[in-house]
Structure formats: C-alpha cells, structure tokens
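Undergrad: Take a look and give me a structure for this.
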Amino acid sequence: MLLKNIVFVFVLISLSICPCYAQKQTSQEAEQQISDFQLSGFGDKGRKSWQLSGKTADIFEDQVKLKDITGDLYGEKEDIRLKADKGDFNKKDGTVHLEDNVLVTTSSGAKLTTDSLDWDRKNNVVRTDDRVNIERENMITQALGAVGQPGLKKVTLEKDVQVNIAAGASKQNALDKNKITITCDGPMEIDYEKNIAVFSNNVKVDRDNTQIYSDRMEVYFIPDEKKGVLDKNSQDMSGRIEKICAKGNVKIVRGENISYSDEAVYTGENKKITLLGRPRLIIYSSEDINAPSGN
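TA: Prediction:
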C-alpha cells in the first residue's frame, strides 16, 4: 500500500512539472519569425520621421529581437542612421537596444562607434556605458560612456575623456605634431551648435612642448560664419579654436619652465596665454619661451 502511495505521488509531481516545463519552453520561442522586418513612424503632415528595419526578426509579446539592424531618423536639417549586428525593439515604450558593431552616422559627416547603444526615440536620446569613439570634422573624441542626441550635436562624455583636434581641417591630420590633445577624468560636455566644449576634473591640454593643467576648462570653437574671416589656407590650430579658458589650480608647463595661476586664457588667433589671478612664473632656463602675460 505504501509503495502504491509513493508511485501515485510521483505521478502527480511529474504531471505538475511537465506543463510548467512546456510553458517555459514555449515562452522562450518567438510568436512569429519573419524576414526583412520593417517598422516606420510618421510625424506631422504624414511625413515619415523614423524607420527601423532588420534582416530577420523574432517577435515576442513585449519585444522584437532583430539582426542586422538599421535605424533611420529623418530630420528637417539632418538625417541620422544607426546600424548594429543585433538588438531589441521594446514594443511598450518604443526604445531600441543595439549591440555589436554599433555605428551612428549623420548626413553632416559625424560618426559614432561603440559596442552597445540604447536609443530612446521619444526623448531623442542615445546612451551607452561602453567605450565610445566620435569623429566630427577635425576632432576625434574617445571616452567611457556617453549620452546625447542621435545627431551628435550635444553629447556628454562620462569618463576617461580624450579629444584629439587636428591642426588642419581634416581629422586625417590627427597625428600632426601641431595637433592639440585634451584629456580629463570627466564628464565632458560638448555642444556643436554653441561651439563650446566643457572639460571637468583633472584636465590636461597637450600641444607640442606645452601642457596646461586645470580643474575645469572651456574650449570655444570658431563658428562656421566666422571661419571665412580667417586665412582659409591656415593649417594652424587658430583655424579651429577661438580660445581656451582654464580655471582652478592652473599650471602651465613649457619645457623646464612652469607657470601657476587661478585662471588662464589661450587665444588661438595669436597663440597667446594670459594668466589671471595670482600668476607665478618659475624659470629654470634662459630659453625664450614667449612667456605668458599676467594680470
């Protein structure tokens, strides 16, 4: 009798487990699998505002898993394209998660590459915690983590920021000895529309044999409408940077000579550094250093 009861209980347990296992297995399978998936959104006056496509799509209740993804944003002034090997489209909130070989390009020539990216269409934001590389005009920016607009006109770089600014108009000159390199612990905020970049925490500017250190630094770029006023054939940094304002614990090193001040301003047009607030200059050699002037 005892043996029969044990067998009966075992059968009940087996019957109760099997449906659960079958249900779990079914939930992992796509409700529908299709090729050449495409989803579009339309704005005012029926104009297409965005499009998301993939070579294959596994459709689940709450999300769509895509491979070979291409996302397009159609703006009034600029178009944006996002590409990745795979990703997920969230049906509920419309967000898209991209993974592997993520590439963002704009019709104005900007390019972003990273390993993963979250795209929030409704709030017009892209975000990543991975290492990111951004190329725009003669600037190459690298950092760990970034958040900004898909058009890359306003971007915040989170940590370990490095910006290389080529001497000429092309980023191909990034190895030129006259290039300027700016690093900081982060964050760093850049606004291409306002032509300003703000670096924070342990900032360092390195150009040729001169280094500038500070707690915070504001870099102002020459607006497009002002570039024509300067020498169009100029291959110097003054052709891109209008001025650099260093603030807090400023130290300037040129060879063996060191200058200290509360603030410093570098102007690109005449390549002059002005020290502001208790300037102090330590000279270790008689070398002509085009010494910074102080107020």
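Undergrad: Going by C-alpha atoms from here, please, whenever you check contacts or count neighbours.
TA: Noted.
Undergrad: ok, now which ones touch M139?
TA: V163, N164, I165, A166, K171 (Cα atoms under 8 Å, 6 or more residues apart in numbering).
Undergrad: The first one: which element?
TA: Secondary structure assigned from DSSP states H and E places V163 in strand 154-165.
Undergrad: ok, now how distant is the most centrally placed residue in the chain from K154?
TA: In the chain, the C-alpha nearest the mean C-alpha coordinate belongs to A146, at 4.6 Å (Cα atoms, centre = their mean). Distance, A146 to K154, using Cα to Cα, to the nearest Å: 11 Å.
Undergrad: Next: I222.
TA: As judged by Cα to Cα, I222 and K154 stand 17 Å apart.
Undergrad: same check, this time on N257
TA: For N257, the distance to K154 equals 37 Å [Cα to Cα].
Undergrad: Could you do T128 as well?
TA: For T128, the distance to K154 - Cα to Cα - is 15 Å.
Undergrad: For the two, indicate the residue with more neighbours.
TA: Set side by side, T128 and K154 show more neighbours around T128, with 21 against 17, by other Cα atoms under 10 Å.
Undergrad: so the more buried one sits right up against A143, yeah?
TA: No - at 10.5 Å, T128 and A143 do not qualify as touching, with contact defined as Cα atoms under 8 Å.
Undergrad: Could you give the number of residues near the spatially closest residue to V250 that is not a sequence neighbour?
TA: Excluding the flanking residues, the one nearest V250 by Cα to Cα, 6 or more residues apart in numbering is S214, at 4.5 Å. When neighbours are defined as other Cα under 10 Å, S214 has 26 of them.
Undergrad: Let me see the confidence value for S214.
TA: pLDDT for S214: 97.
Undergrad: How far does the helix or strand hosting it sit from its chain's centre?
TA: Applying DSSP H and E as the criterion places S214 in strand 210-221. Taking the mean of its C-alpha atoms, strand 210-221 sits 20 Å from the chain's own mean (Cα atoms, centre = their mean, to the nearest Å).
Undergrad: That strand - contacts with which helices or strands?
TA: On a contact count with 3 or more Cα pairs under 8 Å, 6 or more residues apart in numbering; DSSP states H and E, strand 210-221 meets strand 196-207, strand 241-254.
Undergrad: I'd like those as a markdown table, with mean neighbour count appended.
TA: Shown next, in a markdown table, are the helices and strands packed on strand 210-221 (neighbours: other Cα atoms under 10 Å):
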| stretch | mean neighbour count |
| --- | --- |
| strand 196-207 | 20 |
| strand 241-254 | 20 |
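Undergrad: Let me have the ones you listed in CSV, extended by mean pLDDT.
TA: Converted to CSV, the helices and strands packed on strand 210-221 look like this (pLDDT from 0 to 100):
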stretch, mean pLDDT
strand 196-207, 96
strand 241-254, 94
